[in-house]
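Asks: no sequence on this one, just coordinates:
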């Protein structure tokens, strides 16, 4: 249905993510950035209000605070 945008780190402009009903969009967060030593960078993103019905399923996963990435 559209509405998802990501922000460019260099010019801070927001860009629409094209809607494709046969795909998933995965935004990596700060936990993955930390665990990969900045190999995967967290994505600034937002969702604009949209009058059409849509399904959005956010899933948040973070290791416990005493997690050691040396394991």
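Replies: Now that the structure is in, tell me what you want to look at. Small disclaimer: the values here were computed from a predicted structure and weren't measured.

Asks: tell me both backbone torsions, phi and psi, for residue 47.
Replies: Note on residue 47: its backbone torsions stand at phi -120, psi 120 [degrees, to the nearest 10].

Asks: distance between the ends of stretch 53-66?
Replies: Using C-alpha to C-alpha, to the nearest Å, the end-to-end distance of stretch 53-66 comes to 40 Å.

Asks: give me the mean pLDDT for it.
Replies: Along stretch 53-66, the predicted confidence averages to a pLDDT of 72.

Asks: can you pull up the most central residue in this protein?
Replies: In the chain, the centroid-proximal residue (C-alpha atoms, centre = their mean) is residue 27; its distance is 2.0 Å.

Asks: check contacts around that one.
Replies: 6, 42-43, 45 (C-beta atoms under 8 Å, 6 or more residues apart in numbering). Backbone N, C-alpha and C define where each C-beta goes, glycine included.

Asks: just the ones of those in strands?
Replies: Counting by DSSP state E, the contacts of residue 27 place 6, 45 in strands.

Asks: now residue 5. Nearest residue, chain neighbours left out?
Replies: residue 14 (4.5 Å; C-beta to C-beta, 6 or more residues apart in numbering).

Asks: pretty sure that neighbour is touching residue 7, no?
Replies: Yes. Counting by C-beta atoms under 8 Å, residue 14 does reach residue 7; the two are 5.4 Å apart.

Asks: and for those two, which residues touch both?
Replies: By C-beta under 8 Å, 6+ apart, residue 14 and residue 7 have these common neighbours: residue 46.

Asks: who's in contact with the residue nearest to residue 5?
Replies: When contacts are taken as C-beta under 8 Å, 6+ apart, residue 14 is in contact with 5-8, 46.
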